[in-house]
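Visitor: here are the coordinates; sequence isn't available:
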């Protein structure tokens with residue numbers, strides 16, 4: 001067991017996440033995401049819901065605050081993210097957020113290039129004034145000061161600035177690794193030294209530019225920080241920040257930390273955020289990526305069928321996921337035996353089936369879908385195969401073509417399509433094209449032609465300007 005103390009998980013999907021390239025949340029989407037995060041993360045949740053000082057984003061912050069009031073979520077700790085300006089703090093208060101984060105970087109480059117040559121002493125004066133104003137005059141229950149780009153400062157200045165914020169009334173000091181540059185053990189030691197000098201709780205916000213956001217978040221906690229920042233899928237500026245699922249999974253299973261997260265809610269939350277952002281969940285994403293629980297190599301399949309822990313350390317069942325196997329050139333004899341258990345099929349026929357599966361997979365340069373495996377088995381035995389847990393029931397991929405009327409709200413249409421396909425748990429990609437058709441929707445792993453028909457029928461029923469649809473099943477793919 002570790003000595004980590006975890007008091008808060010600060011989710012900033014609706015603030016940092018919306019700073020990811022190409023990500024723009026509508027107010028109603030923010031409300032849905034915020035509600036899902038609230039149900040997923042649990043009692044330790046603090047949630048940054050946006051930057052209300054920006055007129056274009058104020059409506060989203062207000063929408064979430066009002067939505068939570070309607071739901072009766074009075075214990076929700078909703079936080080506005082603001083520049084270190086009194087007028088920004090006032091706007092956050094008007095929006096009704098429970099707390100406010102104010103940020104100002106005291107580093108040399110930020111003062112010179114972003115803040116137009118502001119002096120270090122002036123920066124300290126502003127931090128002192130605005131933190132005190134937010135806490136004592138405005139009356140926020142929680143005021144967080146963010147020392148942007150903290151890992152570019154020498155330790156003595158981190159402590160000096162931190163003490164200014166603490167004395168001004170800050171409740172939490174956030175120390176970000178804004179450029180994702182810090183070495184993990186050095187970060188742990190830095191946090192430990194700051195904790196010795198600063199009396200208020202420390203929060204860490206780690207960027208992923210070098211792929212170290214999760215480990216640095218954990219190192220920050222090991223150094224004495226009592227909270228860390230995450231987003232769904234790790235989205236955010238550039239390479240994003242620490243991923244929610246990966247960080248809490250590791251904290252619980254490797255360090256014995258009780259996070260209070262409802263793991264069963266994570267797949268639904270991730271699917272929705274993926275749908276509204278248009279950013280697919282990468283198949284290699286730890287835990288939630290489909291490849292994380294798919295076994296391809298024959299020796300792996302053989303071992304996992306007998307004892308999953310041979311190659312797995314994640315309990316996928318707590319997320320509601322099932323283990324998957326790939327039929328192809330590498331598949332094991334044991335996988336076919338598992339599929340055909342309960343069927344009386346001669347050993348020589350099984351050898352022929354395995355050889356045929358491997359050969360066809362090599363010829364096509366890809367894995368075989370279960371309907372293709374059925375066809376091979378039926379050709380060799382004349383016996384159909386029933387679906388079993390752990391095997392994809394996909395009939396293949398499909399392409400949906402859409403023609404829309406001029407002047408229709410195409411963005412609204414695309415977002416509705418994203419949500420529809422996410423509801424059916426279907427991987428997809430939407431592309432705008434030229435010619436007779438206006439949009440092409442690539443859909444993976446369609447379960448049936450009936451489902452495909454239902455999807456296109458629903459799209460046409462919305463009355464959003466879709467004049468015509470056409471669908472095609474993908475028989476094969478060439479690489």
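Guide: Okay, I see it. Since we're looking at a predicted model, the values are computed, not measured. Residues are numbered from 1 along each chain as shown.
Visitor: Tell me where the chain is predicted with low confidence.
Guide: 1-2, 385-393, 477-479 (pLDDT under 70).
Visitor: try 50 this time
Guide: Counting by pLDDT under 50, the chain contains low-confidence ranges at 1.
Visitor: All the helices of the stretch 101-250 of the chain, in order from the start?
Guide: For the stretch 101-250 of the chain, the helices defined by DSSP state H, counting those that start in this stretch cover 108-109, 120-132, 155-168, 184-197, 213-222, 244-255.
Visitor: For the third one, name the packing helices and strands.
Guide: Okay, so that is helix 155-168. helix 120-132, strand 172-177, helix 184-197 (3 or more CB pairs under 8 Å, 6 or more residues apart in numbering; DSSP states H and E). Bear in mind the C-beta positions are built from the backbone N, C-alpha and C, glycine included.
Visitor: How about residues contacting it?
Guide: The contact list for helix 155-168 (CB atoms under 8 Å, 6 or more residues apart in numbering) reads 106, 123-124, 127-129, 131-132, 135, 145, 147, 150, 153, 173, 175, 190, 193-194, 197-200.
Visitor: Filter those down to the buried ones, PyMOL style.
Guide: Buried members of the contacts of helix 155-168, defined by 16 or more other CB atoms under 10 Å, are picked up in PyMOL with:
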select buried, resi 106+123+124+127+128+131+132+135+145+147+150+153+173+175+190+193+194+198+200
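Visitor: measure the closest residue to residue 191 other than its chain neighbours to residue 204 for me?
Guide: The shortest distance from residue 191 to any non-neighbouring residue, by CB to CB, 6 or more residues apart in numbering, is to residue 223 (3.1 Å). To residue 204, residue 223 is 8 Å away according to CB to CB, to the nearest Å.
Visitor: Settle it for me: which of those two has more neighbours?
Guide: residue 204 (29 against 21; other CB atoms under 10 Å).
Visitor: With adjacent residues omitted, what lies nearest to that one?
Guide: Excluding its sequence neighbours, the residue lying closest to residue 204 (CB to CB, 6+ apart) is residue 220, at 3.4 Å.
Visitor: same check, this time on residue 412
Guide: Per CB to CB, 6+ apart, closest to residue 412 is residue 464, 6.3 Å.
Visitor: show me the contacts for the one you found.
Guide: By CB under 8 Å, 6+ apart, residue 464 lies in contact with 404, 408, 409, 412, 413, 416.
Visitor: Which one (most neighbours) among those?
Guide: In the contacts of residue 464, the most neighbours by other CB under 10 Å go to residue 413, 20 neighbours.
Visitor: close enough to count as contact, residue 148 and residue 175?
Guide: No - look at residue 148 against residue 175 with CB atoms under 8 Å: they stay out of range, at 9.6 Å.
Visitor: Run through the strands of the chain in chain order.
Guide: Taking DSSP state E to define them, one finds strands in the chain at 8-11, 45-48, 78-83, 99-103, 142-146, 172-177, 202-206, 227-230, 294-295, 324-325, 396-404, 428-432, 439-446, 466-474.
Visitor: Would you indicate which residues of the third one are buried?
Guide: Along strand 78-83, the positions that meet the burial threshold by neighbour count (16+ other CB under 10 Å) are 78, 79, 80, 81, 82.
Visitor: if I look at the first one, how far off is residue 142?
Guide: Just to be clear, that refers to residue 78. Taken as CB to CB, the span from residue 78 to residue 142 is 10 Å.
Visitor: Quick check: neighbours shared by those two?
Guide: Shared contacts of residue 78 and residue 142, counting by CB under 8 Å, 6+ apart, come down to 98, 99.
Visitor: ok, which pair from the buried residues of strand 78-83 is furthest apart?
Guide: Spanning the widest gap among these are 78 and 82, at 13.4 Å by CB to CB.
Visitor: okay, now the domains of this protein?
Guide: 8-277, 290-381, 396-474 (automatic domain parsing).
Visitor: can the ones you listed go into TSV with extra columns for distance to residue 284?
Guide: As requested, the domains of the chain are exported to TSV (distance: least, CB to CB, whole Å):
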stretch	distance to residue 284
domain 8-277	12
domain 290-381	5
domain 396-474	13
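Visitor: Identify whichever of the ones you listed lies nearest to residue 283.
Guide: That would be domain 290-381 among the domains of the chain, by CB to CB, at 4.2 Å.
Visitor: so how far does the closest one reach from one end to the other?
Guide: End-to-end distance of domain 290-381 (CA to CA, to the nearest Å): 32 Å.
Visitor: winner for burial among the helices of the stretch 101-250 of the chain?
Guide: helix 213-222 (a mean of 26; mean count of other CB atoms under 10 Å).
Visitor: what does that one contact?
Guide: Against helix 213-222 from outside (CB under 8 Å, 6+ apart): 2-6, 175, 177, 180, 182, 184-185, 187-188, 191, 202, 204, 206-208, 228-230, 234, 239-243, 246-247, 250-251, 255, 257.
Visitor: can you do 7 Å?
Guide: Here helix 213-222 makes contact (CB atoms under 7 Å, 6 or more residues apart in numbering) with 2, 4, 6, 177, 180, 182, 184-185, 187-188, 191, 204, 206-207, 228, 234, 241-243, 246-247, 250-251.
Visitor: Run the chain-centre distance for it.
Guide: On the basis of CA atoms, centre = their mean, to the nearest Å, helix 213-222 sits 18 Å off its chain's mean C-alpha point.
Visitor: With distance to residue 165 added, can I get the strands of the chain in JSON lines?
Guide: Shown next, in JSON lines, are those (distance: least, CB to CB, whole Å):
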{"stretch": "strand 8-11", "distance to residue 165": "17"}
{"stretch": "strand 45-48", "distance to residue 165": "17"}
{"stretch": "strand 78-83", "distance to residue 165": "14"}
{"stretch": "strand 99-103", "distance to residue 165": "9"}
{"stretch": "strand 142-146", "distance to residue 165": "4"}
{"stretch": "strand 172-177", "distance to residue 165": "6"}
{"stretch": "strand 202-206", "distance to residue 165": "11"}
{"stretch": "strand 227-230", "distance to residue 165": "16"}
{"stretch": "strand 294-295", "distance to residue 165": "47"}
{"stretch": "strand 324-325", "distance to residue 165": "49"}
{"stretch": "strand 396-404", "distance to residue 165": "52"}
{"stretch": "strand 428-432", "distance to residue 165": "45"}
{"stretch": "strand 439-446", "distance to residue 165": "49"}
{"stretch": "strand 466-474", "distance to residue 165": "54"}
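Visitor: Out of those, which gets nearest to residue 374?
Guide: strand 396-404 (12.5 Å).
Visitor: Now do the closest one against strand 466-474, angle only.
Guide: 160 degrees (axes from the mean of the first three to the mean of the last three CA atoms, to 10 degrees).
Visitor: residues of strand 396-404 that come out buried?
Guide: Buried-residue list, strand 396-404, by 16+ other CB under 10 Å: 396, 397, 398, 400, 401, 402, 404.
Visitor: do the same with stretch 287-297
Guide: Quick answer for stretch 287-297 (16+ other CB under 10 Å): 287, 288, 290, 292, 293, 295, 296.
Visitor: outside of that stretch, which residues touch it?
Guide: Stretch 287-297 is contacted from outside by 245-246, 249, 266-267, 270, 281-286, 301, 304, 311, 314, 316, 319, 321, 323-326, 328, 330, using CB under 7 Å, 6+ apart.
Visitor: Just the buried ones from those residues?
Guide: 245-246, 249, 266-267, 270, 281, 285-286, 301, 304, 316, 319, 321, 324-326, 328, 330.
Visitor: Rebuild the helices and strands packed on helix 155-168 as a markdown table, extending it with distance to residue 364.
Guide: Shown next, in a markdown table, are the helices and strands packed on helix 155-168 (distance: least, CB to CB, whole Å):
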| stretch | distance to residue 364 |
| --- | --- |
| helix 120-132 | 62 |
| strand 172-177 | 45 |
| helix 184-197 | 43 |
